[in-house]
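# Only the shape, not the letters, is given here:
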């Protein structure tokens, strides 16, 4: 089936970084699209809520302020299977992906005020296998080699970590994303070491969490497929 398997364009992060950089330089908002179904070009169908999360948190990792679900309306849009859109354009009935999108929307709305208080500033990453570089990471234009507040200790999957600065006060924040195609259904165990921080304010799937850090500043995150977490170190 042409709609099965992994399909992740190798320029996905390159395009997001380029757009985010230009938006930052010219003082405009980054807005993005979310794929909600497979199509005739070979893009696979959605396999679960993780596909929506993966796109939403990756795009928010580059400072996206608005995301639009898209699907071209045609005769096939009346069907309600994995291959088709959030709703039936013929009669208005919902596909299961509508509930998946609603779940992710509610997660994001739960911390949108906090997220919007920060501006995107840069991108970092770590490959699970240092001998095999994720091509999406390799195509980034200006990735950071380090950051004074956080460092990778280890990851079990390819991992994206982007940096933010508060609009007022300049405090740091980060978006951490399991950057493995959710099709593979792999969790990502990520160990980060934070500097100059006693704890973390973390938003996970719409839930607010306060975490006390040990003396070495290290914390382990277990990210589900497609999951992203917004992290604010607390001094």
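Structure's in. What do you need? These numbers were taken from a predicted model, which means no experiment stands behind them.
# residue boundaries of the strands in this structure?
30-35, 64-70, 118-126, 150-154, 159-166, 172-178, 188-194, 199-204, 207-212, 218-223, 228-234 (DSSP state E).
# Same list, those strands, but as TSV with distance to residue 21 please.
Backbone N, C-alpha and C define where each C-beta goes, glycine included. Shown next, in TSV, are the strands of the chain (distance: least, C-beta to C-beta, whole Å):
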stretch	distance to residue 21
strand 30-35	10
strand 64-70	13
strand 118-126	9
strand 150-154	21
strand 159-166	12
strand 172-178	16
strand 188-194	24
strand 199-204	25
strand 207-212	30
strand 218-223	26
strand 228-234	20
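# Show me the one of those that comes nearest residue 137.
Checking these against residue 137 by C-beta to C-beta gives strand 118-126 as the closest, at 4.5 Å.
# ok, back up a step: adding distance to residue 139 and mean neighbour count as columns, could you present the strands of the chain in JSON lines?
Converted to JSON lines, the strands of the chain look like this (distance: least, C-beta to C-beta, whole Å; neighbours: other C-beta atoms under 10 Å):
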{"stretch": "strand 30-35", "distance to residue 139": "17", "mean neighbour count": "17"}
{"stretch": "strand 64-70", "distance to residue 139": "19", "mean neighbour count": "15"}
{"stretch": "strand 118-126", "distance to residue 139": "11", "mean neighbour count": "20"}
{"stretch": "strand 150-154", "distance to residue 139": "19", "mean neighbour count": "16"}
{"stretch": "strand 159-166", "distance to residue 139": "13", "mean neighbour count": "21"}
{"stretch": "strand 172-178", "distance to residue 139": "16", "mean neighbour count": "25"}
{"stretch": "strand 188-194", "distance to residue 139": "20", "mean neighbour count": "19"}
{"stretch": "strand 199-204", "distance to residue 139": "28", "mean neighbour count": "19"}
{"stretch": "strand 207-212", "distance to residue 139": "33", "mean neighbour count": "11"}
{"stretch": "strand 218-223", "distance to residue 139": "22", "mean neighbour count": "17"}
{"stretch": "strand 228-234", "distance to residue 139": "20", "mean neighbour count": "21"}
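# Can I get these in a markdown table including distance to residue 47 and mean pLDDT?
Shown next, in a markdown table, are the strands of the chain (distance: least, C-beta to C-beta, whole Å; pLDDT from 0 to 100):
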| stretch | distance to residue 47 | mean pLDDT |
| --- | --- | --- |
| strand 30-35 | 12 | 92 |
| strand 64-70 | 17 | 91 |
| strand 118-126 | 24 | 97 |
| strand 150-154 | 27 | 98 |
| strand 159-166 | 20 | 98 |
| strand 172-178 | 15 | 98 |
| strand 188-194 | 17 | 98 |
| strand 199-204 | 21 | 98 |
| strand 207-212 | 24 | 97 |
| strand 218-223 | 17 | 98 |
| strand 228-234 | 17 | 98 |
